[in-house]
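Engineer: 3D model of this:
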Amino acid sequence: MAGITKRNGTWHLRMRVPRRYAGVEARAEIHRSLRTDSEREARARLPAAEAAVLAELDSRLTMGQSQRPGDVFSAAVALAATRGVTYRQADHLASGPLEEILARLDMLKPSDTPQIARALLGGVEVPQLMLSELVEEVERICAHDNRYKSETQMRLWRSPRTRAVANLMAGLGGDRPVLALEAGDARRHKAWWQKRIEREGQKAETAKKDFSNMSSMLAHYYDSLEMAEPPRPYLGVTIRDRHAVKSRKPEIPVDWITEKWFAPGAFDGLNDEARDILLISIETGCRQAEIHDLPSDAIVLDAVIPHLRIAFEDGEEKREVKNTSSVRLVPLVGVALAAARRHPNGFPRYRYKRSYSAIINGYLRDNDLMPSPKHTAGGTRHTWESRLKAAGIASDDRGEMMGHSVASARNRELYGDEMPLGRKLDLAKTVALEMPCHLD
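Structural biologist: Here you go, the predicted structure:
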């Protein structure tokens with residue numbers, strides 16, 4: 001715990017050096033000017049000053065002990081920043097103005113350690129992470145962002161990023177250091193994709209996902225190195241197809257649902273979990289994964305209003321939902337309520353797997369229960385929104401029911417309380433379909 005002491009009319013931080021820093025700080029105590037003669041102001045500045053000292057000590061410790069080149073480099077960048085300068089490698093300093101080198105030498109104090117000298121004078125090599133190692137490194141960097149993802153969701157997170165790196169390496173003809181990437185390399189990635197689109201009929205949207213994933217991973221990596229002016233090799237790199245027609249999932253017509261899907265025997269050849277996931281989607285508008293990935297305690301049937309809890313989940317049944325707008329309570333009515341009562345603990349057969357979509361769509365197609373080859377079971381979500389719209393329910397209310405970002409749609413901040421579950425129930429009842437006896 002740091003304290004304050006007055007020296008020559010100015011208040012200073014006075015802090016005993018914790019034992020863990022003994023290897024990088026020989027002094028038993030550190031004194032740092034708080035630049036004020038006011039005791040009250042000094043005490044106000046003390047917490048930030050103490051945090052800065054500890055951050056500097058941590059950086060020096062990392063430089064002295066870490067075996068990870070990236071960590072050592074980040075520590076050097078942070079140390080240089082504590083002295084108000086940007087980290088620059090020694091060869092860059094040597095080719096620059098002599099005044100900058102002299103200024104950095106003047107910053108060194110007799111009590112400074114070799115780590116500080118290396119940070120100020122560019123004595124730490126830039127880490128040579130290779131492209132083939134980028135996904136693993138970014139996964140480490142983004143561990144906190146991905147903390148709610150299940151194992152299946154993490155595989156889905158890795159897959160497109162691994163593919164993007166592999167495609168870039170194919171365009172470049174091999175592996176290379178990440179920090180050696182330039183705008184020309186991103187353009188070669190683009191050229192590689194243009195040839196594939198021309199020869200194989202690949203979609204421009206697929207290429208754009210590659211560029212987006214590469215840009216995002218590089219940004220995370222550069223940020224982890226605390227680079228003052230990180231490069232942006234993918235800036236402006238895109239592929240446009242002026243002939244492409246934006247696809248839109250077609251809705252399942254309501255009369256198709258009631259006449260075909262609600263017909264007795266329609267689902268006799270389908271397992272009960274797959275059938276009831278579909279029935280829940282019809283009367284909730286939930287995304288398929290929101291339903292089949294529900295944790296065992298997220299179907300709340302003993303409440304005054306039975307509902308689903310769509311949320312970020314931690315622990316053994318952790319999962320990540322699409323975004324914060326998707327977090328919501330969903331009332332259960334009609335066939336959805338009946339289906340949920342048959343599965344109070346969720347759907348273990350499909351939980352955290354990605355087999356449901358193929359199973360349900362395959363069954364519906366094989367049994368002539370799909371309106372057209374373009375339709376999928378996911379169209380129930382769009383049907384439900386159209387049912388809400390046809391009932392005269394306001395756009396904002398539809399957005400909350402669906403888990404859309406109302407703030408994004410309005411293009412401004414959203415104020416006020418979340419829609420009460422009772423109000424959601426009233427709206428859901430407004431559009432609920434008549435339930436056949438055999439599905440109760």
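Engineer: quick one, what contacts residue 118?
Structural biologist: Neighbour list for residue 118: 63, 76, 124 [criterion: Cβ atoms under 8 Å, 6 or more residues apart in numbering]. The C-beta positions use only the backbone N, C-alpha and C, and glycine is treated the same way.
Engineer: pull out the buried positions in the helix or strand where it lies.
Structural biologist: Element membership of residue 118 [criterion: DSSP states H and E] is helix 114-121. Residues 115-116, 118-121 are the ones in helix 114-121 that count as buried (16 or more other Cβ atoms under 10 Å).
Engineer: and those residues as a markdown table, adding pLDDT?
Structural biologist: Compiled in a markdown table, these are given as follows (pLDDT from 0 to 100):
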| residue | pLDDT |
| --- | --- |
| 115 | 83 |
| 116 | 84 |
| 118 | 85 |
| 119 | 86 |
| 120 | 88 |
| 121 | 89 |
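Engineer: can you give me the strands for the protein?
Structural biologist: 3-7, 10-16, 29-33, 299-300, 307-310, 328-331 (DSSP state E).
Engineer: how is the protein carved up into domains?
Structural biologist: 3-121, 131-224, 254-439 (automatic domain parsing).
Engineer: what's the end-to-end length of the longest one?
Structural biologist: Counting by Cα to Cα, to the nearest Å, you get 17 Å between the two ends of domain 254-439.
Engineer: hey, where'd the helices end up in the stretch 51-200 of the chain?
Structural biologist: 69-82, 90-94, 98-107, 114-121, 134-141, 151-172, 183-200 (DSSP state H, counting those that start in this stretch).
Engineer: what sits up against the fifth one?
Structural biologist: For helix 134-141, the external contacting residues (Cβ under 8 Å, 6+ apart) are 70, 129, 146, 154, 157-158, 161-162, 165, 178, 217-218, 220-221, 223-224.
Engineer: residues touching the residue nearest to residue 353 when sequence neighbours are not counted, list them.
Structural biologist: Leaving aside its sequence neighbours, residue 353 sits nearest to residue 152 (Cβ to Cβ, 6 or more residues apart in numbering; 6.3 Å). Neighbouring residues of residue 152 by Cβ under 8 Å, 6+ apart: 352-354.
Engineer: which PyMOL command selects the buried ones in those residues?
Structural biologist: In PyMOL, a selection of the buried entries from the contacts of residue 152 looks like this (16+ other Cβ under 10 Å):
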select buried, resi 352
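Engineer: return the member of the contacts of residue 152 nearest to residue 172.
Structural biologist: Among the contacts of residue 152, residue 354 lies closest to residue 172 (Cβ to Cβ), at 31.3 Å.
Engineer: once you drop chain neighbours, what's closest to that closest one?
Structural biologist: Residue 354 sits nearest to residue 152 (Cβ to Cβ, 6+ apart), 6.4 Å away.
Engineer: list the contacts of residue 231.
Structural biologist: With Cβ under 8 Å, 6+ apart, residue 231 has these contacts: 181-183, 218, 222.
Engineer: can you put those residues in a markdown table and add neighbour count?
Structural biologist: Shown next, in a markdown table, are these (neighbours: other Cβ atoms under 10 Å):
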| residue | neighbour count |
| --- | --- |
| 181 | 20 |
| 182 | 10 |
| 183 | 14 |
| 218 | 21 |
| 222 | 16 |
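Engineer: now, which of the residues you listed sits nearest residue 264?
Structural biologist: residue 218 (56.7 Å).
Engineer: quick one: that closest one and residue 92, what's the gap?
Structural biologist: Residue 218 sits 21 Å away from residue 92, going by Cβ to Cβ, to the nearest Å.
Engineer: got it, and residue 25?
Structural biologist: For residue 25 relative to residue 92 (Cβ to Cβ), the value is 28 Å.
Engineer: and the pLDDT at residue 440?
Structural biologist: With respect to pLDDT, residue 440 scores 81.
Engineer: now that it has come up, it's in contact with residue 336, right?
Structural biologist: No: if you go by Cβ atoms under 8 Å, residue 440 and residue 336 don't touch, sitting 11.8 Å apart.
Engineer: which one of these two is surrounded by more residues?
Structural biologist: residue 336 (27 against 11; other Cβ atoms under 10 Å).
Engineer: show me what contacts the more buried one?
Structural biologist: 279-280, 282-284.
Engineer: residue 179 now?
Structural biologist: For residue 179, the contact set (Cβ under 8 Å, 6+ apart) comprises 126-129.
Engineer: mark which of those are buried, thanks.
Structural biologist: Judged by 16+ other Cβ under 10 Å, buried ones among the contacts of residue 179: 126-127, 129.
Engineer: tell me the centre residue of this protein?
Structural biologist: Geometric centre of the chain, nearest residue: residue 145, 5.2 Å, by Cα atoms, centre = their mean.
Engineer: thought residue 194 was touching residue 238?
Structural biologist: No: counting by Cβ under 8 Å, residue 194 stays clear of residue 238, with 11.3 Å between them.
Engineer: so what sits against both of those two?
Structural biologist: Counting by Cβ under 8 Å, 6+ apart, residue 194 and residue 238 have no shared contacts at all.
Engineer: from the contacts of residue 336, which land in helices?
Structural biologist: Secondary structure assignment by DSSP state H places 279-280, 282-284 of the contacts of residue 336 in helices.
Engineer: among the contacts of helix 134-141, name the buried ones.
Structural biologist: Counted by 16+ other Cβ under 10 Å, those give 70, 129, 157, 161, 165, 178, 217-218, 220-221, 224 as buried.
Engineer: go through those residues and name the one nearest residue 341.
Structural biologist: residue 157 (34.0 Å).
Engineer: in contact with that closest one, which residues?
Structural biologist: By Cβ under 8 Å, 6+ apart, the contact list for residue 157 reads 139, 146, 149.
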